[in-house]
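Engineer: here is a sequence together with a model predicted from it:
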Amino acid sequence: FPVTIAAEILKAHNGEQVLIWTQFDEEGEILKAIIPEAIHLTGKTNQDERLRTLEAFRSGVIKTLITKPRLMGTGLNLQFLSICIFSWSKDSFEEFYQAVGRLQRYGQRKQVKIYIPYTELEKPMLDNVMKKQKTYLEDSEYQEKLYIQSLLEDLREFSANNQDVVRSEEGVLPDALGQY
């Protein structure tokens, strides 16, 4: 059962801060019963309490936070964390990506460890999310190559059409560079 596995993973990271993502409040309540020192944020938690809890989590007072990606999964910077556990499997790459992205962002200094315990029943959903992730990464790499190719073509065209280009050891730069 992923909830009990999540508790075992948490024990393996004794003393470290861990975020446990859940899908349902009931799941969080079960985890809270198994991990009494954890704090469980739900949609029913009032805004002031959420802010106090998040600040205590940021400062390291709270070691284990249980919540749902819908509550904290988008736009929140959690790069002070490096361990998260998904106690659910859901067929949503976007929600997975956003939840992981809260930890894996600019300023992260550690390797992020992501745990996704699952049952055989949940395996097809996880496989589908991983397939979507692979496609996303391949598409992003391809788009980046196209963008770089376009920039290089624009620079070549600019260099060919403008006499005010300075040639240096680093490459071709317009005279006006740095004047803005």
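Structural biologist: Looks like it came in fine.
Engineer: now stretch 117-132: buried residues?
Structural biologist: Under the neighbour-count criterion of 16 or more other C-beta atoms under 10 Å, stretch 117-132 has 117-118, 122, 126, 129, 132 buried. (C-beta placed from N, C-alpha, C; glycine too.)
Engineer: with stretch 38-45 instead?
Structural biologist: For stretch 38-45, by 16+ other C-beta under 10 Å, it's 38-42, 45.
Engineer: TSV for those, including distance to residue 64?
Structural biologist: Shown next, in TSV, are these (distance: C-beta to C-beta, whole Å):
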residue	distance to residue 64
38	4
39	7
40	9
41	11
42	15
45	16
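Engineer: looking at these, which is nearest residue 29?
Structural biologist: Using C-beta to C-beta, residue 40 is the member of the buried residues of stretch 38-45 that lies nearest residue 29, at 6.8 Å.
Engineer: which phi and psi does the closest one have?
Structural biologist: phi -110, psi 110 (degrees, to the nearest 10).
Engineer: next: the one 5 residues further on.
Structural biologist: Dihedral angles phi and psi of residue 45 (degrees, to the nearest 10) take the values phi -70, psi 130.
Engineer: swap in residue 83?
Structural biologist: phi -130, psi 130.
Engineer: show me where pLDDT drops low in the protein?
Structural biologist: 1-2, 73-75, 89, 162-180 (pLDDT under 70).
Engineer: lovely, talk soon.
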